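[1] My questions are about this predicted structure, shown below with the sequence.
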Amino acid sequence: MVCNDCGASNENDAVFCMNCGGSFSQLWKVKNLLHHHFSHTELSFRSLHFLKALFDLSFKQFVSLKVIKVVYTLSIFSAALAALVCIIAGFYGPRFLGIFMLLIGAPLIFLLIVLYSRVVMELVLFNFGTGEPKVKQEEQPEPVDSIEWNL
């Protein structure tokens, strides 16, 4: 059992924390048991956590980091679809234009769209990665200097 106050590991049947002396109530044991049970089921707290983060009006959690893989997958799919449309449109004109689009134009369009999407996603990740520690630093209290200077 992990202490809620200090995070120290204790025996499962412990009544008090060995590190800080905090009490383990029956409610705490039930909460840990339910969390362990639901973390192994198909419907986990992660989906509820995502919905909670989605409707968080204080913006303390970033939803973009949770959905960025899905957005990138959709951008790859749309790049393939755009390349396919270019190939089909190329064969409606002269035959050499269709062959050019098949061999050079469509692969180039696909690579440019995927490259652009990847750069945008990495910029989003970088911006959120540099912005998240700032939020955590604001939550921490300022250290108090206990030295008094007598001048």
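    Sure thing, it's come through. If you're wondering where the values come from, they're calculated on a predicted model, not measured in any experiment. Residues are numbered from 1 along each chain as shown.
[2] can we go C-alpha only for contacts and neighbour counts from here?
    OK.
[3] which intervals of this protein have sub-threshold pLDDT?
    Applying pLDDT under 70 to the chain flags residues 1, 4-5, 24-48, 62, 129-151.
[4] go with 80
    Residues of the chain meeting the criterion pLDDT under 80: 1-66, 128-151.
[5] now the helices: where do they sit in the protein?
    26-39, 45-54, 64-91, 95-100, 106-139 (DSSP state H).
[6] what packs against the shortest one?
    Of the remaining helices and strands, those touching helix 95-100 by 3 or more C-alpha pairs under 8 Å, 6 or more residues apart in numbering; DSSP states H and E are helix 64-91.
[7] Show me which residues of the helix it packs on are buried.
    72, 75-76, 79-80, 82-84, 86-87, 90-91 (16 or more other C-alpha atoms under 10 Å).
[8] again, but for stretch 13-20
    Within stretch 13-20, the residues that count as buried by 16+ other C-alpha under 10 Å are Cys17.
[9] Quote the end-to-end distance of that stretch.
    One end of stretch 13-20 sits 16 Å from the other (C-alpha to C-alpha, to the nearest Å).
[10] The chain - how does it break down into domains?
    Following automatic domain parsing, the chain resolves into domains at 1-41, 64-139.
[11] Save the buried residues of helix 64-91 as JSON lines, and put in distance to Phe55 too.
    Formatted as JSON lines, the buried residues of helix 64-91 follow (distance: C-alpha to C-alpha, whole Å):
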{"residue": "Tyr72", "distance to Phe55": "22"}
{"residue": "Ser75", "distance to Phe55": "25"}
{"residue": "Ile76", "distance to Phe55": "28"}
{"residue": "Ala79", "distance to Phe55": "31"}
{"residue": "Ala80", "distance to Phe55": "33"}
{"residue": "Ala82", "distance to Phe55": "34"}
{"residue": "Ala83", "distance to Phe55": "36"}
{"residue": "Leu84", "distance to Phe55": "38"}
{"residue": "Cys86", "distance to Phe55": "40"}
{"residue": "Ile87", "distance to Phe55": "42"}
{"residue": "Gly90", "distance to Phe55": "45"}
{"residue": "Phe91", "distance to Phe55": "48"}
